[in-house]
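*Asks:* Structure, please.
(one chain, ligands or ions: 2)
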Amino acid sequence: MSVLVGFIGAGNIVKAILTGIDKGGKFTHDEIAIFDRKEDARENFKSDGYIVYDSIDKLVKNSPIIVVAVTPQAIRSIVPDIKAGITEKTVLLSVVAGISTQWYKENIDEKSKVIRCMPTLTAQEGMGSFAVCKSEDITDEEFKDVEKFLSSCGILEKIPEDLMDEVVPLNGSAPGYFYHMANVVANEGEKMGFDKEVALRLFAQTMKGSAETILNSGMSIETLESKLRLKGGTTIAALDKMDELGFERCIIEGVRACVARSKELGKL
Ligand SMILES: NC(=O)C1=CN([C@@H]2O[C@H](COP(=O)(O)OP(=O)(O)OC[C@H]3O[C@@H](n4cnc5c(N)ncnc54)[C@H](OP(=O)(O)O)[C@@H]3O)[C@@H](O)[C@H]2O)C=CC1
Ligand SMILES: O=C(O)[C@@H]1CCC=N1
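*Replies:* Ligands and ions are numbered 1, 2, ... in the order given. From the prediction side, this is the model:
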């Protein structure tokens, strides 16, 4: 039995990825290893058939691909343990917002092999949207292994490393905006007399369908939008009111705040 991928930190994003990997059915639990600092979390993963280590250095020693999935605030604390286990073949697959390849090279080893990935919680449904970049010393074969793993629960887009902060508002953080918007709309629906769950289902299915039309209809985003902008219609009434209240500005400033925070996290 050879462990393929080891995870350091088993929080929200890792649980989403693992659920998506399960749904994809291409990897088994005995190909995945985990270390989380909470003993009860380790016990739960163990009883689910995952390989569980009681220290980071053992996990790193035994896993050719290591997914670094602690928070940016915690990453410095795990450096000594990664150093204790790392080999020249270890590939570090970092999902940590803001932390650059150079950071790993400076803090762990100049020869660290790093692939950065900005993932999304939507991996949970096999609909991850992964933005990835790799350091020059990653071989094609190493990249293919990572690609095979991630693509079993989503799509990959290769991007330059100097856009890794800029991508966070486009994918990593974006589910948060949709959940927030869905909650606001559903609350309003409830005030108008709907059961909140019914309102949420109607809105969420509409979000899902809207995303599918953007991806699959072959129509431009402008064309799709124009189909709803009926003169004197209800949609234009909503959009005009939203614009009057600063919708565009709101989105633009939110995107910028997200990028700025990612850059700050990289300097902690
Ligand atoms: N959530 C998301 O949608 C996304 C998250 N990310 C990135 O993923 C990373 C993790 O985020 P998320 O899963 O949401 O965060 P969580 O806080 O849910 O998960 C982090 C996990 O790591 C554990 N942990 C903390 N310190 C250590 C340590 N020293 N050794 C081992 N485990 C440790 C935490 O334990 P404890 O609970 O005890 O602190 C927790 O289980 C972040 O860097 C974030 O930037 C990227 C894209 C999307
Ligand atoms: O909010 C965060 O900091 C992380 C990074 C992207 C999504 N979640």
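*Asks:* quick one: Pro64 from ligand 1, how far?
*Replies:* 19 Å (Cβ to the nearest ligand atom, to the nearest Å). Placement of C-beta: from N, CA and C, glycine included.
*Asks:* now the strands: where do they sit in the protein?
*Replies:* If DSSP state E is used as the criterion, the strands of the chain fall at 5-8, 32-35, 51-52, 65-68, 91-94, 113-118, 128-134, 154-158.
*Asks:* export these to CSV and tack on distance to Glu225, mean neighbour count and mean pLDDT?
*Replies:* Listed next are the strands of the chain as CSV, based on distance: least, Cβ to Cβ, whole Å; neighbours: other Cβ atoms under 10 Å; pLDDT from 0 to 100:
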stretch, distance to Glu225, mean neighbour count, mean pLDDT
strand 5-8, 40, 26, 98
strand 32-35, 42, 26, 98
strand 51-52, 48, 20, 97
strand 65-68, 38, 24, 98
strand 91-94, 36, 24, 98
strand 113-118, 26, 24, 98
strand 128-134, 21, 22, 98
strand 154-158, 23, 15, 98
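*Asks:* would you list those in a markdown table and tack on distance to ligand 2?
*Replies:* Below are the strands of the chain laid out as a markdown table (distance: least, Cβ to the nearest ligand atom, whole Å):
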| stretch | distance to ligand 2 |
| --- | --- |
| strand 5-8 | 16 |
| strand 32-35 | 20 |
| strand 51-52 | 25 |
| strand 65-68 | 13 |
| strand 91-94 | 12 |
| strand 113-118 | 7 |
| strand 128-134 | 11 |
| strand 154-158 | 15 |
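*Asks:* ok, the residue nearest to Gly24 when sequence neighbours are not counted - contacts?
*Replies:* Computed as Cβ to Cβ, 6 or more residues apart in numbering, the closest residue to Gly24 that is not its neighbour in sequence is Ser152, at 3.6 Å. Listed by Cβ atoms under 8 Å, 6 or more residues apart in numbering, the contact set of Ser152 reads 20-21, 24-27.
*Asks:* run the last query once more with 10 Å
*Replies:* 17, 20-27, 123, 126, 128 (Cβ atoms under 10 Å, 6 or more residues apart in numbering).
*Asks:* ok, of these, which come out buried?
*Replies:* Applying 16 or more other Cβ atoms under 10 Å to the contacts of Ser152, the neighbour count classes 17, 20-22, 24, 27, 123, 126, 128 as buried.
*Asks:* and which of these is nearest Ala41?
*Replies:* Using Cβ to Cβ, Ile17 comes nearest to Ala41 of the buried ones among the contacts of Ser152, at 15.0 Å.
*Asks:* Now that closest one: closest residue in space that isn't a chain neighbour?
*Replies:* Going by Cβ to Cβ, 6+ apart, Ile17 has Ala123 as its nearest residue, at 4.7 Å.
*Asks:* can I assume the one you found is in contact with Phe130?
*Replies:* Yes: counting by Cβ atoms under 10 Å, Ala123 touches Phe130, with 7.7 Å between them.
*Asks:* shared neighbours of the two, which are they?
*Replies:* 17, 150, 153-154.
*Asks:* Include distance to Ser210 when you put the residues you listed into JSON lines, please.
*Replies:* Conversion of those to JSON lines gives the following (distance: Cβ to Cβ, whole Å):
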{"residue": "Ile17", "distance to Ser210": "25"}
{"residue": "Leu150", "distance to Ser210": "25"}
{"residue": "Cys153", "distance to Ser210": "22"}
{"residue": "Gly154", "distance to Ser210": "19"}
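*Asks:* List the ones among these that fall in helices.
*Replies:* Counting by DSSP state H, the members of the shared contacts of Ala123 and Phe130 that fall within helices are 17, 150.
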